[in-house]
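Visitor: quick one, fold the following:
(chains A, B, C, D and E, ligands or ions: 4)
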Amino acid sequence: MIRRETLLRVVAPLLVFGALYLGWEWVAQNLKSILPPFANIIAEFGKRPLFYLDNLGVTLANALVGFAFGAGSAVLLAVLMVYFGFLRMAIIPVALLLNVTPVVAISPALIVAFGFNAVPHIIVASVAAFFPLLINAMTGLSAIDREAHDVFRALSASRTEVFLRLRLPSSLPHLFAGAKLSITSAMVGSVVSEFMGTSKGLGATIVLATNFLNLSQMWAAIFLSALTSLVLVGIVTLAERLVIRW
Amino acid sequence: MIRRETLLRVVAPLLVFGALYLGWEWVAQNLKSILPPFANIIAEFGKRPLFYLDNLGVTLANALVGFAFGAGSAVLLAVLMVYFGFLRMAIIPVALLLNVTPVVAISPALIVAFGFNAVPHIIVASVAAFFPLLINAMTGLSAIDREAHDVFRALSASRTEVFLRLRLPSSLPHLFAGAKLSITSAMVGSVVSEFMGTSKGLGATIVLATNFLNLSQMWAAIFLSALTSLVLVGIVTLAERLVIRW
Amino acid sequence: MNTSLGAAAPTGAIVIDQVSKTFDRGDDVVRALVDVNLTFQEGTFVTLFGPSGCGKTTLLRILAGLEEMTAGTVSLFGETPAQAARAKNVAWVPQSAALLPWLSIRSNILLSQFVNRAADRMPAGDRKRIPEDPDKVLAELGLADFAHARPAQLSGGMRQRAAIARGFVQGAPLMLMDEPFSALDELTREAIRLRLLDVWEKNRKTVVFVTHSAPEAVLLSDKVVVMTPRPGRVHRVVDIDLPRPRSRAILESAAFIDKVREVQSILREGWEADE
Amino acid sequence: MNTSLGAAAPTGAIVIDQVSKTFDRGDDVVRALVDVNLTFQEGTFVTLFGPSGCGKTTLLRILAGLEEMTAGTVSLFGETPAQAARAKNVAWVPQSAALLPWLSIRSNILLSQFVNRAADRMPAGDRKRIPEDPDKVLAELGLADFAHARPAQLSGGMRQRAAIARGFVQGAPLMLMDEPFSALDELTREAIRLRLLDVWEKNRKTVVFVTHSAPEAVLLSDKVVVMTPRPGRVHRVVDIDLPRPRSRAILESAAFIDKVREVQSILREGWEADE
Amino acid sequence: QDISPERCALNKAPGEVIFLTSFAYAASTGILDIVAAKELGLYDALCIDLTIQPGGTNIQLVSANTAQLAGIGGPSDTMVGIDNGAEIVGIATYGNVGAIEVITMAGSGIETLADFVGKTVGYKGAVAPQFSAMFLDNGIDPETINWVSVGFDPSILSNGQVQGLGAYKSNEPRALEAQGFEVTEWDPNAFGIQSNFNTQIANIAFAEANPTVIEDFLRATFKAYAWMNESPDNLDQALQWAAELSTAGYDIDTSRVRYNTEVALVADSLPAGMALGQQSVAQWQPEADMLERFGLVQNKPDVATAMSTVYVDAIYDDAGALIWPAP
Ligand SMILES: Nc1ncnc2c1ncn2[C@@H]1O[C@H](COP(=O)(O)OP(=O)(O)OP(=O)(O)O)[C@@H](O)[C@H]1O
Ligand SMILES: Nc1ncnc2c1ncn2[C@@H]1O[C@H](COP(=O)(O)OP(=O)(O)OP(=O)(O)O)[C@@H](O)[C@H]1O
Ligand SMILES: [Mg+2]
Ligand SMILES: [Mg+2]
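Guide: Ligands and ions are numbered 1, 2, ... in the order given. Okay, the predicted model is just below:
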């Protein structure tokens, strides 16, 4: 049974990816200016590995720094929001509004404000990372076992003690779930922010390639960014397994 | 107590929005090319109400049609995935990959493929709407009460009966939660897709305004899209209240 | 232990013959039931009684066709569990009430009429099921005023009564109840127990009932099947020969208290023999 | 009903004086407790017994300082509940074990030492608490082999024993237990009951215990406080004058069975008077 | 060092100066000359610490002084930006003729401007007022045309996704011809619409505070422009530099054609007595009138303040020759 399950888990996606591949190649053969042959994309990486590595490095660095800021401030705010109802009611509408705003549209303004350096890209990545973690952290930090909380309260445990010994560990599963969404958003945000204001990074690579109709390069950069996101999610999942062992 | 709570719920966000407003005005006064005075944005709507209404109409139509397709196919797939484990394992990796791909980057290719009409914009909106609803629908459709399911099984209820009388109603809270995320994504996707391939819609309005530093118009369009998203979420919430009365 | 409750095992009986059940749990194998043999005549109230993990739920699920047995056969008045389920001839009352929160209580208890209509079209001769009037059942169980309420508006005890009502309305010749009162407090439990006794004594369906409570088992049953765990076996079947109809008064009687003590010590004896 | 269990109410006693508690529920007001008066001497095992909703949990939470009373006063050996909690002089054993899943059992039962260190620095004279050796407590409760296990690896009964161990390790002069066995099955429950009896008879802390089960109340207690709901009042306090130490044998004794029946009928009497 | 120490100090004072290209590192006048000047070290020689960035929202970025210099489409863009409050000034304009036109496929059935009604026409960024004027002057309401914003791939025209395409005279028609397609060009100039192309803009405050930087930026740029015109090898060297900067498969042959086409447009349209980059009110005024006519500006543009002739005039001697080295 388990054997069959494992097999399925590998075969099923392969079949779908296979079908997608055939569809892709058909388009690449018949509508040349839409998709390049898949082999060309792979060849791209072989041709200029350092080029892709460099640009990935820039994007990834912005994404990770942005994630650190966005996720950090989201968790911090969530903590404060759990303790101060006022803050909760104050922040949520603003966070909601931020979440429904197309950040890409604001990225030019950020470049104007912060110049041609990593800052605007990091800000976009942070903003993108912020919301999913805020919501998850809030849920996680609020959803503590009521009876365990009673045990702490009956011992007159301080707020800090309740936080460190109950709230924080209880919220870890939610925090990791949020982090997975958040790091993907940060990566996508980082790529999209590079559509303007820089000539480095996967986003800039995509734009340049689009301008010059270099489809292989464009798709190579798109896939590279998608795969990197998956790897990042994988790393967070691994960290989760290491941390949450109960 | 309840009175004070309600007051807080209104006052707290007002305070934050007030602070944001002051910050905004400071920037508008001191860094003219980044933000326009807030009053100018409001004035924009007064000056050309029909212009904004027309463009909003285009964007909203694409977003809603895209939501209908994306959400519809997500729910349909989720249903199939609940019944066919093979499909579940096949689709999830593809959906994940799709979710981590910056759709904006693909929108030019879609325009090339589908031409200068609403189709590419609707596709972007659909793709954006797809993932959140897929995940939520899957969770909702799988998470049925085991004991209620036993009751159905002991009656030899058919799969269709279990689906219609147990799975579907049980999953409604999840479906609505997914729909809220999904409709926001569809709206943002619709706006962003209009950055290219059309001269109509809020996205196109933003791009045009940005090119000529028409900041009031740019921000008017951004706010209009954000507010519309909030209204859409509100409508879904209302529908939820009407449908889920238990 | 080979326990047979009747010499003959005609169509009008429940026959559990050499039933075993093992679960695969990863590399491990859990023997939930080993060689269970039981026979009950129609109209009997049987209680499966035993400590946690002795396989009570597993056996009940096998009768309901919710679980496949690993070995052995079961006949429910001449049908296999699967056939009986297909004909809606088994009513299942789960541990939690498991009502559908979006339906009114009345719609909830009519569930058996909404699903598996094929069973309703079976030739009248084959049908062993006589659906009951939902309003009558609701009234008997003290829920008449709540027919149009939603489950969320009811207390735990009322919800559990509704779940029992759902079983009765189905009108199946066999009713299976898995610890239907375990989530309730003692007083509510006592009240609902007496209700069940009352309703059951009027219609006398065959019932297989699971409980952890010796007084509950003795109060309700004609036969108490005492089971032991690791692996799950039938330790002894105790006949409860207290007169019927029974009422609250019986709870104070010496015969009752003795029977409870007997059942408890048989349980303990099986448990200790096992340890 | 005004019930006083001792003429004098010295420092060495728990005095509950005219305690009332109402909850605001929207526009509604729920009277959970009305004019409760109780006095217990140190070292007494008291059980609050009564139907669901009679305010047992509410009273216990007031003693633990988890809930404010609306009227009245409480003295726990001369301290208010808040003061007692601040000095870690009250051990709280909740209904579910509420262990922290990320800590080992040993770390879990040491919780009282990890938090509120200020209480540990109080002048020795003020300290009423004598923390116990965790390993000794684990051994007494049969958990010695599981000191380094995680809660998820334990059965429900073992988890509940760990929660009780956590209470004992704290060494507080007053232990409050809210239906600590209600989630367990009857046999496990009986075993853990006897364990508790055993350990308690060795150290004789003051315990206020809540249960729905009359045999449990009678087996463990010196005094059973029978309560009635709507609103929650003390109906009668029953002295359980069975000799100590008590053992499993007592369960079969006529005196025990009579006491159980007496408590049950007092409960029913309060309940019926109320309806 | 081709500059006096005093002037060098002045040029160094503002620190890093950012120039935004109008379109990546394309082989256009106003982009390639700057890339070449940078690579030739001419800015360094004049003590300007110049950084080249591919642009985006150039008007906004220069107005905010996030970048100091940028190339944009032409005087119209400059004046619309200023009308919206941009603090920019035009410092030089390359071509005195429009660089853009509408193209259609030959034989597509579009024979007159009237045939555009109801057709889909692609544009980049915004619909150029030159196009609107061309249609309106010929009795066709531009609103009856379905304008869509497009990217830079001209195959949407040959594939039939659009029936018309706003294009650079130097680029898309040439590219399509190279692929063997025949296109019809609808040049606003031919329909009597006077315009200009490629204006370099600067932040007003920056320009006023650092006039020597502006002058010497133009000086070095035009020096490189001349150097590229000196020999095909020089041009190829410059194209090579641009190719290295743009990471995306720069097509040098196409780019050479493009650049030469633009240089020809610039040279052919240069009014008598003016040197490269020089501009005048007379030259800008038709565009200002056009903007006003189409309501693309809220206030009548003041050409005299929208551009400044002082910087570019200062780098030429009386004979119209570039002064090198700098004073
Ligand atoms: N689906 C399953 N997979 C693996 N093991 C199972 C499964 N269901 C039951 N078991 C095991 O079979 C044994 C009998 O379980 P069962 O639930 O029938 O006991 P029970 O008598 O109903 O216990 P309880 O009183 O706790 O409900 C137990 O050891 C249990 O762990
Ligand atoms: N936080 C609360 N808000 C409102 N009402 C409450 C609250 N806590 C308890 N009550 C009400 O107070 C009454 C007493 O509740 P309590 O939980 O003390 O009863 P109990 O005797 O412990 O019942 P059970 O046996 O079900 O645990 C009930 O009517 C209950 O609904
Ligand atoms: Mg069970
Ligand atoms: Mg309680």
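Visitor: can you name the residues that contact E:A226?
Guide: For E:A226, the contact set (CB atoms under 8 Å, 6 or more residues apart in numbering or on different chains) comprises E:L322. Every residue, glycine included, has its C-beta placed from N, CA and C.
Visitor: what of C:H148?
Guide: Counted by CB under 8 Å, 6+ apart, C:H148 has contacts C:S104, C:I105, C:R106.
Visitor: now swap in E:F23 and tell me
Guide: A:N211, E:I31, E:P54, E:G55.
Visitor: so which of the residues you listed belong to strands?
Guide: E:P54 (DSSP state E).
Visitor: and the contacts of E:F23, which is closest to chain B?
Guide: Relative to chain B, the closest of the contacts of E:F23 is A:N211; by CB to the nearest CB it sits at 10.0 Å.
Visitor: what number of residues lie near residue 160?
Guide: No chain was given, so I picked chain A. 9 (other CB atoms under 10 Å in any protein chain shown).
Visitor: I was after chain E.
Guide: Look at E:G160: counted by other CB under 10 Å, it has 12 neighbours.
Visitor: what do you get for A:A154?
Guide: Other residues lying near A:A154 total 27 when counted by other CB under 10 Å.
Visitor: tell me the pLDDT at it?
Guide: What the model reports as pLDDT for A:A154 is 95.
Visitor: the helix or strand harbouring A:G234 near chain B anywhere?
Guide: Using DSSP states H and E, A:G234 falls within helix A:215-243. Yes - judged by CB under 8 Å from any CB of the partner chain, helix A:215-243 and chain B are in contact via A:M218, A:A221, A:I222, A:S225, A:A226, A:S229, A:L230, A:V233.
Visitor: what packs against the helix or strand E:A282 falls within?
Guide: Following DSSP H and E, one finds E:A282 within helix E:281-293. In terms of contacts (3 or more CB pairs under 8 Å, 6 or more residues apart in numbering or on different chains; DSSP states H and E), helix E:281-293 is packed against helix E:75-83, strand E:88-95, helix E:129-137, helix E:303-306.
Visitor: that older thread, show the buried residues in the contacts of E:F23.
Guide: A:N211, E:I31, E:P54, E:G55 (16 or more other CB atoms under 10 Å in any protein chain shown).
Visitor: now those in TSV, with pLDDT?
Guide: Shown next, in TSV, are the buried ones among the contacts of E:F23 (pLDDT from 0 to 100):
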residue	pLDDT
A:N211	72
E:I31	95
E:P54	83
E:G55	79
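Visitor: now the element after the lengthiest helix in chain A, going C-ward?
Guide: Counting residues, the longest helix in chain A under DSSP state H turns out to be helix A:49-83. Sequence order places helix A:85-99 as the next helix or strand after helix A:49-83, per DSSP H and E.
Visitor: so which elements touch that following helix?
Guide: helix A:49-83, helix A:118-142, helix B:2-30, helix B:215-243.
Visitor: can you list contacts of that helix?
Guide: Here helix A:85-99 makes contact (CB under 8 Å, 6+ apart) with A:77, A:80-82, A:127, A:130-131, A:134-135, A:138, B:8-9, B:12-13, B:15-17, B:20, B:184, B:226, B:230, B:233.
Visitor: same thing but 7 Å
Guide: A:77, A:80-81, A:127, A:131, A:134, B:8-9, B:12-13, B:15-16, B:20, B:226, B:230 (CB atoms under 7 Å, 6 or more residues apart in numbering or on different chains).
Visitor: between helix A:118-142 and that helix, find me the angle.
Guide: 130 degrees (axes from the mean of the first three to the mean of the last three CA atoms, to 10 degrees).
Visitor: hmm, the following helix or strand past helix A:85-99 touching chain E?
Guide: Heading C-terminal from helix A:85-99, the first helix or strand you meet, by DSSP H and E, is helix A:103-114. Yes - using CB under 7 Å from any CB of the partner chain, helix A:103-114 reaches chain E at A:P108, A:I111, A:V112.
Visitor: need the residues that contact helix A:103-114.
Guide: Residues contacting helix A:103-114 (CB under 7 Å, 6+ apart): A:120, A:123-124, A:127-128, A:189, A:192-193, A:196-197, B:31, B:33-34, B:104, B:192, B:206, B:210, B:222, E:56-57, E:60-61, E:64, E:66.
Visitor: how is chain A partitioned into domains?
Guide: For chain A, automatic domain parsing gives the domain ranges A:1-35, A:36-243.
Visitor: most packed of those domains?
Guide: domain A:36-243 (a mean of 21; mean count of other CB atoms under 10 Å in any protein chain shown).
Visitor: just want the residue of chain C that's nearest chain A.
Guide: Closest approach between chain C and chain A, counting by CB to the nearest CB: C:D24, at 7.4 Å.
Visitor: what about that residue, neighbour count?
Guide: Using other CB under 10 Å: C:D24 sits among 10 other residues.
Visitor: one more: the one 4 residues further on?
Guide: Counted with other CB under 10 Å, residues neighbouring C:D28 total 7.
Visitor: any idea how far it is from D:M158?
Guide: 20 Å (CB to CB, to the nearest Å).
Visitor: that concludes my questions; thank you for your assistance.
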